[in-house]
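Participant: Got a predicted model here, sequence first, then my questions.
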Amino acid sequence: GAIAVWEDTRNASTDIYTQRISANGTLLWAADGVPLCTAAFNQVKPKIVSDGTGGAVIAWTDDRNGGGAGNYDIYAQRINSSGVVQWAADGLPVCTATGIQNNLQMLADNSGAMIVWSDGRGGSANADIYAQRLNQVGTPLWTINGMSVCNASSLQNMPQIISDGGAGSA
């Protein structure tokens with residue numbers, strides 16, 4: 001089977017929903033999907049990784065703090081194999097620093113997920129790359145609002161992430 005995640009506009013703004021599908025095509029969770037985030041304004045561009053226990057960790061860019069002005073932050077949610085959200089309602093903040101955070105990518109690790117993104121806290125023309133690691137209960141394991149991976153002058157954008165083959169713990 002698989003777990004799908006998508007943007008959904010059934011409530012006027014764009015929200016994040018998910019659904020588990022069995023190998024034979026049976027929908028296993030709530031009809032029309034489980035809402036992961038229905039906070040005010042738009043939540044877009046979800047990314048998903050396995051949580052290693054039949055569920056998933058999903059992260060997205062989120063405009064709830066920008067008042068619809070496109071000042072996106074990064075939020076995340078974990079859902080278990082039964083379709084029950086595990087973290088705070090509407091997700092946990094990964095980064096709510098000033099400026100726009102977007103272009104996120106994710107990697108599952110042995111204890112949760114690692115997330116990288118482009119970060120405009122230094123100004124959109126000078127976006128940098130930041131990262132955060134979340135454990136299985138959603139606790140950030142690195143600096144609040146992420147650690148700087150690269151803050152060289154000019155623009156750093158469109159990060160990617162892959163495992164280094166290690167055990168997933170530092």
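Facilitator: Yep, it's here.
Participant: In terms of secondary structure, what does the host helix or strand of residue 118 contact?
Facilitator: Applying DSSP states H and E as the criterion places residue 118 in strand 112-119. If you count contacts as 3 or more C-beta pairs under 8 Å, 6 or more residues apart in numbering; DSSP states H and E, strand 112-119 packs onto strand 56-62, strand 73-79, strand 92-95, strand 101-109, strand 128-135. C-beta: built from backbone N, CA, C; applies to glycine.
Participant: Pipe those strands into JSON lines and attach distance to residue 48 and mean neighbour count per row.
Facilitator: What follows is the helices and strands packed on strand 112-119, written out as JSON lines (distance: least, C-beta to C-beta, whole Å; neighbours: other C-beta atoms under 10 Å):
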{"stretch": "strand 56-62", "distance to residue 48": "5", "mean neighbour count": "26"}
{"stretch": "strand 73-79", "distance to residue 48": "9", "mean neighbour count": "26"}
{"stretch": "strand 92-95", "distance to residue 48": "14", "mean neighbour count": "23"}
{"stretch": "strand 101-109", "distance to residue 48": "7", "mean neighbour count": "21"}
{"stretch": "strand 128-135", "distance to residue 48": "14", "mean neighbour count": "22"}
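Participant: Can you lay out these as TSV showing distance to residue 116?
Facilitator: TSV is the format used below for the helices and strands packed on strand 112-119 (distance: least, C-beta to C-beta, whole Å):
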stretch	distance to residue 116
strand 56-62	10
strand 73-79	10
strand 92-95	11
strand 101-109	5
strand 128-135	5
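Participant: Please render those strands as JSON lines that adds mean pLDDT to the earlier fields.
Facilitator: JSON lines is the format used below for those (pLDDT from 0 to 100):
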{"stretch": "strand 56-62", "mean pLDDT": "97"}
{"stretch": "strand 73-79", "mean pLDDT": "98"}
{"stretch": "strand 92-95", "mean pLDDT": "98"}
{"stretch": "strand 101-109", "mean pLDDT": "95"}
{"stretch": "strand 128-135", "mean pLDDT": "97"}
